[in-house]
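> What follows is a protein structure lacking sequence information:
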């Protein structure tokens, strides 16, 4: 499972993990820290949207040993 930093406002640590790949896109889990309040969202992203986010730098792949695992 790959994880990506999400470009967000200064001081925020948002990231996304790919849970599963389908023929049309990806099931992802988004982790957001909102001033100490943690929000976790499971969403679907089309392949086109995901590729566009990576290409434009909105998503940046994490090094494997730096990914955070939440049960």
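Cool, got the structure. Fair warning: this is a prediction, and the values are worked out from it, not measured in the lab. Residues are numbered from 1 along each chain as shown.

> so what's residue 34 bridging to?
residue 37 (DSSP bridges).

> Tell me how many other residues crowd it.
Neighbours of residue 34 under the rule other Cβ atoms under 10 Å: 9. C-beta coordinates here come from the backbone N, C-alpha and C atoms, glycine included.

> Mind listing residues that contact stretch 23-32?
Contacting residues not belonging to stretch 23-32 are listed as 6, 12, 14-21, 38-47, 49-50, 68, 70 [Cβ atoms under 8 Å, 6 or more residues apart in numbering].

> In strands, which of the residues you listed appear?
Per DSSP state E, strands hold the following members of those: 6, 15-21, 38-46.

> of those residues, buried ones?
Burial by neighbour count, judged by 16 or more other Cβ atoms under 10 Å, picks out 6, 15-17, 45 from the ones in strands among the contacts of stretch 23-32.

> ok, the residues you listed vs residue 57, which is closest?
Lowest distance from residue 57 to those (Cβ to Cβ) belongs to residue 6, with 10.7 Å.

> so what pLDDT did the nearest residue to that closest one once chain neighbours are set aside get?
The shortest distance from residue 6 to any non-neighbouring residue, by Cβ to Cβ, 6 or more residues apart in numbering, is to residue 14 (4.1 Å). We have a pLDDT of 91 for residue 14.

> Quick check on residue 14: phi, psi?
Per-residue torsions, residue 14: phi -100, psi 140 (degrees, to the nearest 10).

> Next up, the contacts around it.
Applying Cβ under 8 Å, 6+ apart, we find residue 14 in contact with 5-6, 8, 30-33.

> out of those, which are buried?
5-6, 30-32.

> Export those residues to JSON lines and append columns for pLDDT and distance to residue 58.
Putting the buried ones among the contacts of residue 14 into JSON lines (pLDDT from 0 to 100; distance: Cβ to Cβ, whole Å) gives the following:
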{"residue": "5", "pLDDT": "92", "distance to residue 58": "9"}
{"residue": "6", "pLDDT": "93", "distance to residue 58": "7"}
{"residue": "30", "pLDDT": "95", "distance to residue 58": "12"}
{"residue": "31", "pLDDT": "94", "distance to residue 58": "15"}
{"residue": "32", "pLDDT": "90", "distance to residue 58": "14"}
